[in-house]
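> quick check, what structure comes out for this input:
(chains A and B)
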Protein chains: 2
Amino acid sequence: MEKSDTRPRIGWVGVGVMGAPMAGHLLRAGYRLRVFTRTAARAEPLVRAGAEWAETPRAAAEDADVVCLMVGTPQDVEQVVLGAEGVLSAMSAGTTLIDFTTSSPSLARRIADEAAKRGVAAIDAPVSGGDVGAREARLSIMVGGAEEAVGKVLPLLECLGGTVVRQGGPGMGQHTKMMNQIVIASGMIGVCEGLVYAERAGLDLETALASVGGGAAASWSLANYVPRILKKDFEPGFRVDHFVKDMEIALDECRRMQLELPGLELARALYRRLIDEGWGRKGTQSLVRVTGRSETVS
Amino acid sequence: MEKSDTRPRIGWVGVGVMGAPMAGHLLRAGYRLRVFTRTAARAEPLVRAGAEWAETPRAAAEDADVVCLMVGTPQDVEQVVLGAEGVLSAMSAGTTLIDFTTSSPSLARRIADEAAKRGVAAIDAPVSGGDVGAREARLSIMVGGAEEAVGKVLPLLECLGGTVVRQGGPGMGQHTKMMNQIVIASGMIGVCEGLVYAERAGLDLETALASVGGGAAASWSLANYVPRILKKDFEPGFRVDHFVKDMEIALDECRRMQLELPGLELARALYRRLIDEGWGRKGTQSLVRVTGRSETVS
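Below you'll find the predicted structure:
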């Protein structure tokens, strides 16, 4: 597709394993792209493909119609959006901010309020589907924001995801992602406890899965992670430290809503133990490593 | 199919929601059947269909080639097999005992040892798939027992189930069923915590599921129980009190193996609370009723 000066200008901040392929899709779809990321070398492939380099988040946002973020933590989001060199200070009325980072629902609402003061529409749009989903544009994108604002950027979102669903106003995309992570958190405990029990009982795990994998115990986690665990493959998929970050955001929201979720608390404690033991950058299937140990949760 | 005197004679003990359709399949397949169950009225449809009534478990087992049990608890199994009027005392060398009850792996091994003294082969063969699976002969049957003994009754097992897998020697069928229940236990916590979080956060649950149901959070429990929960349908499926029984068997085995499974412990505590509140005979999806309450786990 050829570039056109009438195509929206995108400022993109954050070119990691998720951000890089996502930004690449927009570039190939003909959007004009200006990128900033903390480690400049990571932006080089995009710059070679036609993106412009920006020295700061603010510079990436200048003259942009849409500013997109895919950074690490809520703290990163806060700094990149609201900080002194943040994107919001460079955005003009009528433009749109889209945060793809899995971040805090409360922060998403606060950003939407701050953005509204400048006439900027803010959308939270966390994704699931991992690096494979990002590369293949098959992400599930959970969108929070005003209906009109979301409608305006829908073509852009649809360049990136297979499932784009507006979940409500600002913060509701993040809340949906938190729901997703909460379901997975205890689900992973069940998968790992089942495996460790089976191993200790002396079952052949492959044979046990032939009985267990197709019925009421079936899940995406069981189907996708158990084969890796049996091969002792603990590479990420989805990183332990990122999962802990997400669970801590969810637990913050729970405190705000006076909601006690003991399964989520337990999962956070177990996964933190993994980080303490140096498994933070490994995949979430590493949970099996601390499952069944008598000293695990103290 | 017509009856034949050369077809094996089956003694069947336990005609509940699972046992009745299972025994019915054997009767229709041409096996000769003698049944005992605690509530005699429950056996009437089978008797009308050609089964013979027995006044005691022992009487059901007399002259039988294969004795099958589908009763309630490990205590029931112990009494029905090893008690004064139990089936084992009537069984002769070369016959086979099949216990379909979800029961204790340790008890299964003890029964196999006792049976061996009389030349009887004992097989543990707990099932999953629920009453629907029982009616449609689509159960997953997890089989523990000596290879030769299992081979001998394979045609009978295949009348009842879609997936029949031998998992090892005596007790290994029960261990596999325990693994299945352990995976489900924490999985149900995740599903219910995710739902309660979403509801509290103000999400539209149907819309949230459109984002969450197809990705890494997907599971049989999410797909099957959430629609019932949204309709406030708490009828069983699988009963809370039966699930608690299974979890307690699993926890007994864990103690024996010095294995701590905190997710399973948590699930047991939450489900026990449901029983305390009068939900014991409702479906396991009722867990959502006690999820997120601050006083839930004390």
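
> and the biggest helix by length in chain A, anywhere near chain B?
With DSSP state H setting the assignment, residue counts place helix A:172-201 as the longest helix in chain A. Yes: for helix A:172-201, a contact with chain B is found by C-beta under 8 Å from any C-beta of the partner chain, at A:172, A:175-176, A:178-187, A:189-191, A:193-198, A:200-201. Yep, even glycine has a C-beta here, placed from its N, CA and C like the rest.

> which among the residues you listed end up buried?
Burial by neighbour count, 16 or more other C-beta atoms under 10 Å in any protein chain shown: within the residues of helix A:172-201 next to chain B this picks out A:172, A:175-176, A:178-187, A:189-191, A:193-198, A:200-201.

> so what's residue A:297 scoring on pLDDT?
Looking at residue A:297, its pLDDT is 44.

> and residue A:59, by the same measure?
For residue A:59, pLDDT reads 97.

> measure it to residue B:218 for me?
Using C-beta to C-beta, to the nearest Å, residue A:59 is found at 41 Å from residue B:218.

> and residue A:85, by the same measure?
41 Å.

> ok, now which residue in chain A is the farthest from the centroid?
Most distant from the centre of chain A: residue A:202, at 37.9 Å, with distances by C-alpha atoms, centre = their mean.

> surely it is in contact with residue B:172?
Yes: counting by C-beta atoms under 8 Å, residue A:202 does reach residue B:172; the two are 7.4 Å apart.

> returning to what we had before: higher neighbour count, residue A:85 and residue B:218?
residue B:218 (19 against 15; other C-beta atoms under 10 Å in any protein chain shown).

> which pLDDT value belongs to that one?
pLDDT, read off for residue B:218, is 95.

> excluding chain neighbours, what is closest to it?
residue A:220 (4.4 Å; C-beta to C-beta, 6 or more residues apart in numbering or on different chains).

> test my guess that the one you found contacts residue B:215.
Yes: with contacts counted by C-beta under 8 Å, residue A:220 reaches residue B:215, the gap being 7.0 Å.

> which one of those two has more residues nearby?
The neighbour comparison of residue A:220 against residue B:215 (other C-beta under 10 Å) goes to residue B:215, with 21 against 17.

> contacts only, for that one.
Contacts for residue B:215 (C-beta atoms under 8 Å, 6 or more residues apart in numbering or on different chains) come out as A:128, A:129, A:140, A:180, A:220.

> if we go to 6 Å?
A:128, A:140 (C-beta atoms under 6 Å, 6 or more residues apart in numbering or on different chains).

> which SS state does it fall under?
Put simply, residue B:215 is coil when judged by DSSP: H, G, I helix; E, B strand; the rest coil.

> distance of it from residue A:158?
Counting by C-beta to C-beta, the gap from residue B:215 to residue A:158 is 17 Å.

> before we move on, what about residue A:49?
21 Å.

> same check, this time on residue A:74
26 Å.

> equivalent analysis for residue A:118, please.
According to C-beta to C-beta, residue A:118 stands 27 Å off from residue A:158.

> one more: residue A:37?
24 Å.

> which of those two has more neighbours?
Per other C-beta under 10 Å, whichever of residue A:37 and residue A:158 has more neighbours is residue A:37, with 23 against 14.

> and the closest residue to the more buried one other than its chain neighbours, backbone torsions?
In space, and not counting its chain neighbours, residue A:37 is closest to residue A:15: 3.9 Å by C-beta to C-beta, 6+ apart. Main-chain dihedrals, residue A:15, degrees, to the nearest 10: phi -120, psi 70.

> need the contact list for residue A:15.
A:37, A:42, A:43.

> okay, now the residue lying closest to residue A:94 once chain neighbours are set aside: neighbour count?
Take residue A:94 and drop its neighbours on the chain: the residue closest to it by C-beta to C-beta, 6+ apart is residue A:119, 6.2 Å away. When neighbours are defined as other C-beta under 10 Å, residue A:119 has 11 of them.

> before we move on, what SS does residue A:119 have?
Classified using three-state DSSP, residue A:119 is coil.

> go ahead and confirm it touches residue A:95.
No: using C-beta atoms under 6 Å, residue A:119 is not in contact with residue A:95, being 8.2 Å away.

> just want the angle from the lengthiest strand in chain A to helix B:172-201.
Ordering each strand of chain A by length in residues (DSSP state E) puts strand A:161-168 first. Angle between the axes of strand A:161-168 and helix B:172-201 is 50 degrees (criterion: axes from the mean of the first three to the mean of the last three C-alpha atoms, to 10 degrees).

> now do the same for strand A:161-168: mean pLDDT, whole number.
For strand A:161-168, the per-residue pLDDT averages 96.

> and it, what's buried?
A:161, A:163, A:164, A:165, A:166, A:167, A:168.

> if we can go back for a sec, pull up the gap between the residue farthest from the centre of chain A and residue A:174, please.
Distance from residue A:202 to residue A:174, by C-beta to C-beta: 44 Å.

> next one: residue A:90
Counting by C-beta to C-beta, the gap from residue A:90 to residue A:174 is 24 Å.

> between those two, who's got more neighbours?
Neighbours were counted for residue A:90 and for residue A:174 using other C-beta under 10 Å; residue A:174 has more, 31 against 19.

> does the more buried one really touch residue A:122, like I thought?
No: between residue A:174 and residue A:122 there is no contact under C-beta under 6 Å: 11.7 Å.
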